[in-house]
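1. Return atomic coordinates for the entry below.
(chains A, B and C)
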Amino acid sequence: MSTDVLLSAQNLSVRFGGVLAVNKVSFDVRRGEVFTLIGPNGAGKTTVFNLISRIYTPTTGTIVYDGAELTKQPAHAVASLGIARTFQNIELFEHATVLQNLLIGRHTHRGTNLLDDLLFTPRARRAAHEAREKVERVIDFLDLQHHRDSMIAGLPYGIRKVVELARALASEPRLLLLDEPSSGLNVEETEDMVFWIDDIRREFGATVLMVEHDMSLVSKVSDRVLAMNQGEVLALGTPEEVQAHPGVIEAYLGSQEDMSSLRRAPAP
Amino acid sequence: MRGVSTGAGERHLQIVQLLISGVAQGCIYGLIALGFVLIYKATETVSFAQGELMMLGAFCALALLTVLGFPFWISVPATIAAMGVLGLAVERAVIRPILGQPAFSIVMLTIGISYVARGAITMIPDMGTDTRVLPVPYNDAITQAGALVIDIEQMVVIASTALLCALLAMLFRFTKIGIAMQASSQNQLAAYYMGIPVKRLNGLVWALAAGVAAIAGILLAPITFVHANMGLIGLKAFPAAVVGGFGSLPGAIVGGLIIGVVESLSGFFLPEGFKDIAAYVVVLLMLMVKPNGLFGEQLRKKV
Amino acid sequence: MRFIFKTSYEQDIALAKHGGHKLWYSLLMLVLLAAPWLLDEYGLAQLTLVLIYSIVGLGLMLLAGFTGLFSIGHAAFLGVGAYTQAVMTNAGIPFPVALVAAAALSAVVGVVVGLPALRVKGIYLGIATLAFGFIVEEVFARWESVTGGNAGMHVKAPAFFEWKLETASELYFLCLLATVISTLAILNLLRSPTGRAFVAIRDSEISAQSMGIHLAAYKTLSFAISAALAGLGGALYAHMIKFLSPDQFNIIQSIDLLLMVVIGGLGSVHGAFLGAIFLITMPQLISSVKDFLPDFIGQAPGLKAVIYGAVLIAFVLFEPLGIYGRWLKTRTWFSLFPFYRKGMFKRQKSFQKSDRLR
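-> Here you go, the predicted structure:
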């Protein structure tokens, strides 16, 4: 395997009861690229994410991250390996402020142990300052200054989505998993998202693995795209290649026969 | 122990006797647990007030029978109806406004209700602070089945519980209200969309739970007598509900029976003090072995 | 109205957010230090009890309010600390050692009680802690050789070799010291990664895990710290009350502790103190009001239960943020006068969020 590949999913399958949610999915994510998973709802894209985050364990197959097997790690170890993620339905900490959410995002960089925390030693103080500085960089990047001290519970949906992204960025990840970053956002907010994902790659040096439905966002930002349907891989390639793939078109829009039945009969 | 005879079969008889009284006690636990589970299934609220509702039911029956002098066959349905109305009122006045608050707050609220009930009953002159006998037709009645002495009070408990469970099972399977309750418990928002009057149903569920508690109170009263602290037995019904699996109605009864029987046997075979904590040891064992109880559902959040 | 002009991160990190804070809390400390000369014997005893319950309240607040784990049998930890202290003091062990041992042993019991937390959530966990509460109480009653069983046990005064803390003031200062240390420890925890991890676990476990928080370790830690504080409070309680019996640590006591944190204000450090004040002053209030009520109410054995229950219901219905919440609202009203808007603290109405799927 070339050192160019950061994450490699090999023959991943996961079965829930009788349902094969993901079936022999394989793909490689190269360092520094933006790799997008597309597919209709229920295709298994978020399940793949959950497999990488170790929320689920694959029934067969394996995931190799940075040369080591990821599937042996417990769920809470994933963050310290440099993998951060956002969630489809926003899993923020509702009764904490934006700032606290971002600071929690930096948990793996805490630099203190329990005793430091209890006594608030100089080491703890230094760590607190450093964490704050790093988090402020993210706040600056995503323009969240206004909301720094607001409780999540009172924030509108669009801002929450941005905070979710900020929290993932706060941990200085090497691999960033974004689950539908533009869902629920309007046109301007989606435009912002395009710039941010590009900047994340350049300024923060992270590799981005994304699940997305908005095709224009996908085309503008992705290096490569993987199309899935019903748990299986349909196509892999550049955004143009995948969008032109007949199998992908059929999965999204139906086949030619279905199309013709949709056409209205001419008026008498 | 009643009816202990000498001879080789003595041990067996004792055990059968213990089992019967364990089952009877277990039925009471099961009925109270049934009330919790009903409310939990419908609204995901845990109500610590069931024990006290049971106590109030017993006192209501006592009042109807002794103070107002109604015959048994009128007092019982009247008590159930009155408690049903009380359940409805409590839900309307106190529970409905706080739905949406974290589960813990609602639990504390029901604890508050139980405190108020327990304290208020002692304010009723004479009756509140005494321990009274509930004059049921089968008081102290016994009968014989061979060498086995059968306590009619316990038999009534078991039979009534079985009958009640059958009725409730039919209610949930065959009537519109029952199915609506099930729908509302599984997905409240969807139930609203389907036109199910969720709030009214919640009131009905509380009324039903209160009615079941009242029945439990009437059944328990001949055994423990009617007094203000009767409701503390309700605490043992929680292990029963957990053992059975908190979202399962048959589980509540089964859990109750298990706890009742274990308690009864440990009172006899184990040193002093074990009987009191038998229920709690059982529930801890169950949580270790099968955390969701016997019939409980294993739910995972889908992210 | 106070505007805090922030010029450095230190202001957000520090415990006292501005000059006013420093002033008022310093004054409070001075008053507390002067208390033995300002209050009569009875008043001082009540204040000591408030401090003791505050320590326990801080622990329960950490567990229930900040980590979201509900402990319905918390009196068990109080009891473990109390009996440990009693046994050790009666055996002649110096009180600092005994206090640490009491807290440590309670922490161990806390870890054991917290084991179910690693597998179950919500009401199941609550019932597990309830079960432990009953079992521990029974152990106190049966283990007569150590605890004296139901007959009870006398507790000697805290001693450090030759020096005995026998006066009320000496005990008071010991409790004050313990309270200050506990409060600072909790406040430090809450502004540090550990405390934030607790809050994360409360609000979204899956998310917390993805941030690298080891759920089992932190839940156990929360139980341990909470139990340790309850044990410390219990140890001081033993010296205060001087006579222990198992029924002092029953379900009623556990519910009283829960009442304390809920009425005080769940999720705030102030709430522990306000709740403790409520818990200790309520019986006084009831006694004084009793005689003005008609006999069948005033003399009923259930009067305390009715009043506690009613207050609890009232708070949950009308003031879910507890006494501290009411204080915040009042203070905001005054500071913003006349611009206070009615809906400032209004919670967003939400459909029942399923606890089973948290």
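2. only C-alpha atoms for contact and neighbour calcs from this point on.
-> OK.
3. Give me the most central residue, chain C.
-> Centroid-nearest residue in chain C, with CA atoms, centre = their mean: C:G57, separated by 0.4 Å.
4. doesn't C:M260 make contact with that one?
-> Yes - checked against CA atoms under 8 Å, the pair C:G57 and C:M260 is within contact range at 7.1 Å.
5. Need the overlap of contacts for these two.
-> Counting by CA atoms under 8 Å, 6 or more residues apart in numbering or on different chains, the contacts common to C:G57 and C:M260 are C:272, C:275-276.
6. related to what we said a few turns ago, how much space separates the residue nearest to the centre of chain C from C:I13?
-> 24 Å (CA to CA, to the nearest Å).
7. Kindly report the same for C:S210.
-> Counting by CA to CA, the gap from C:S210 to C:I13 is 25 Å.
8. Check the gap between the nearest residue to B:L294 once chain neighbours are set aside and C:L118 for me.
-> Leaving aside its chain neighbours, B:L294 sits nearest to B:G244 (4.9 Å; criterion: CA to CA, 6 or more residues apart in numbering or on different chains). Going from B:G244 to C:L118 by CA to CA gives 20 Å.
9. same thing with A:H76?
-> Taking CA to CA, one finds A:H76 at 14 Å from C:L118.
10. List the buried residues for stretch B:210-229?
-> Residues B:210-222, B:225-229 are the ones in stretch B:210-229 that count as buried (16 or more other CA atoms under 10 Å in any protein chain shown).
11. whoops, I mixed them up, stretch A:7-19
-> Buried residues in stretch A:7-19, counted by 16+ other CA under 10 Å: A:7-14.
12. Could you list the low-pLDDT ranges of the stretch 101-250 of chain A?
-> Within the stretch 101-250 of chain A, no stretch has pLDDT under 70.
13. what residues are up against the residue in it positioned nearest to chain C?
-> Closest approach between the stretch 101-250 of chain A and chain C, counting by CA to the nearest CA: A:L118, at 5.1 Å. Going by CA under 8 Å, 6+ apart, A:L118 touches C:185-186, C:188-189.
14. now stretch C:251-258, how far from the chain's geometric center?
-> Chain-centre distance of stretch C:251-258: 11 Å, with CA atoms, centre = their mean, to the nearest Å.
15. From B:K290, how far out is the one residue in the stretch 51-200 of chain C that gets nearest to chain B?
-> Of all residues in the stretch 51-200 of chain C, C:A131 sits closest to chain B, at 4.7 Å by CA to the nearest CA. Computed as CA to CA, the C:A131 to B:K290 distance reads 16 Å.
16. gap between the two ends of stretch C:34-43?
-> With CA to CA as the measure, stretch C:34-43 spans 13 Å from end to end.
17. Which residues does that stretch contact?
-> Here stretch C:34-43 makes contact (CA under 8 Å, 6+ apart) with C:44, C:168-169.
18. how about it: buried residues?
-> Buried residues in stretch C:34-43 (16+ other CA under 10 Å): C:35-36.
19. Show me what the mean pLDDT comes to for it.
-> Stretch C:34-43 shows a mean pLDDT of 91 in the predicted model.
20. B:L287 is in contact with the residue nearest to B:L294, correct?
-> No - at 10.7 Å, B:G244 does not count as touching B:L287 under the criterion of CA under 8 Å.
21. higher neighbour count, those two?
-> B:G244 (30 against 24; other CA atoms under 10 Å in any protein chain shown).
22. Need the per-residue pLDDT for the residue of the stretch 51-200 of chain C closest to chain B.
-> 93.
23. residues near it, how many?
-> 27.
24. Phi first, then psi, for it.
-> phi -60, psi -50 (degrees, to the nearest 10).
25. Same check on C:D291?
-> Given degrees, to the nearest 10, the pair of backbone angles that C:D291 has is phi -70, psi -20.
26. ok, the buried residues of stretch A:7-19 vs chain B, which is closest?
-> The closest of the buried residues of stretch A:7-19 to chain B turns out to be A:V14 (CA to the nearest CA; 14.9 Å).
27. isn't there a helix covering the closest one?
-> No - under DSSP: H, G, I helix; E, B strand; the rest coil, A:V14 falls outside any helix and is assigned strand.
28. Tell me who's in contact with it.
-> By CA under 8 Å, 6+ apart, the contact set of A:V14 is A:20-23, A:57-60.
29. Now pLDDT and secondary structure too, for the residues you listed, in JSON lines please.
-> As requested, the contacts of A:V14 are exported to JSON lines (pLDDT from 0 to 100; DSSP: H, G, I helix; E, B strand; the rest coil):
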{"residue": "A:L20", "pLDDT": "88", "secondary structure": "strand"}
{"residue": "A:A21", "pLDDT": "89", "secondary structure": "strand"}
{"residue": "A:V22", "pLDDT": "91", "secondary structure": "strand"}
{"residue": "A:N23", "pLDDT": "90", "secondary structure": "strand"}
{"residue": "A:T57", "pLDDT": "91", "secondary structure": "coil"}
{"residue": "A:P58", "pLDDT": "92", "secondary structure": "coil"}
{"residue": "A:T59", "pLDDT": "92", "secondary structure": "coil"}
{"residue": "A:T60", "pLDDT": "92", "secondary structure": "strand"}
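30. who wins for neighbours among the residues you listed?
-> Using other CA under 10 Å as the neighbour criterion, A:V22 leads the contacts of A:V14 with 27 neighbours.
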